[in-house]
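*Asks:* model the following, please.
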Amino acid sequence: MRLNHVALVCSSEQRADAFYEGILGLKKIKSFVLSKDLSRQIFGIDHECPVVVYGNDQFTAEVFVAARAPERGAGFEHVCLEVQDRDAFVKRCHAMEVAVNQIPKGDALLTFVKDYDGNLFEIKELAGELTGPSG
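*Replies:* Alright, predicted model coming up:
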């Protein structure tokens, strides 16, 4: 099994561009509008919604552009990304005014960032070749 994409909500395409292109370094692949009919059938939301797809050869994000994000759940939802250089990534976040939360856990340091609309990302340093789930 392989992850195809994650879907998240952002309040504007400009904010999505700043985070997904500017911080994560993903490319904008395409944009489309989810029709009102499909939106209702899939999500129970009765309006059309612009969607922007960002990605690279390892990760794809479908970003639904909605002026108001839906209510958040219990707060455990997040996406975990592996980056080549976590310190450089954290510096880029600070430079672009993205809050970084680093939490000591034993000898490790857990790193979390939120995009401009509150979507939570755990950031790990790439440990080597990706061979599958590591748990």
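*Asks:* okay, now the unreliable bits of this structure?
*Replies:* Along the chain, segments meeting pLDDT under 70 span 1-2, 68-76, 128-135.
*Asks:* scan it for its longest helix.
*Replies:* Ranked by residue count, the top helix of the chain under DSSP state H comes out as helix 86-95.
*Asks:* work out the gap between it and the centre of the chain.
*Replies:* Chain-centre distance of helix 86-95: 16 Å, with Cα atoms, centre = their mean, to the nearest Å.
*Asks:* now tell me what touches it from outside.
*Replies:* Residues from elsewhere that reach helix 86-95, judged by Cβ atoms under 8 Å, 6 or more residues apart in numbering: 23, 83, 99-100, 102, 111, 113, 123-125. Backbone N, C-alpha and C define where each C-beta goes, glycine included.
*Asks:* ok, stretch 43-52 next?
*Replies:* By Cβ under 8 Å, 6+ apart, stretch 43-52 touches 13, 16-17, 20, 28, 30-36, 39-40, 62-66.
*Asks:* filter those residues down to the buried ones, ChimeraX style.
*Replies:* The following ChimeraX line selects those of these that are buried, judged by 16 or more other Cβ atoms under 10 Å:
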select :16,17,20,34,39,62,63,64,65,66
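*Asks:* got the residue ranges for the helices in this protein?
*Replies:* 13-16, 36-43, 86-95.
*Asks:* I'm done for today, thanks for sticking with me.
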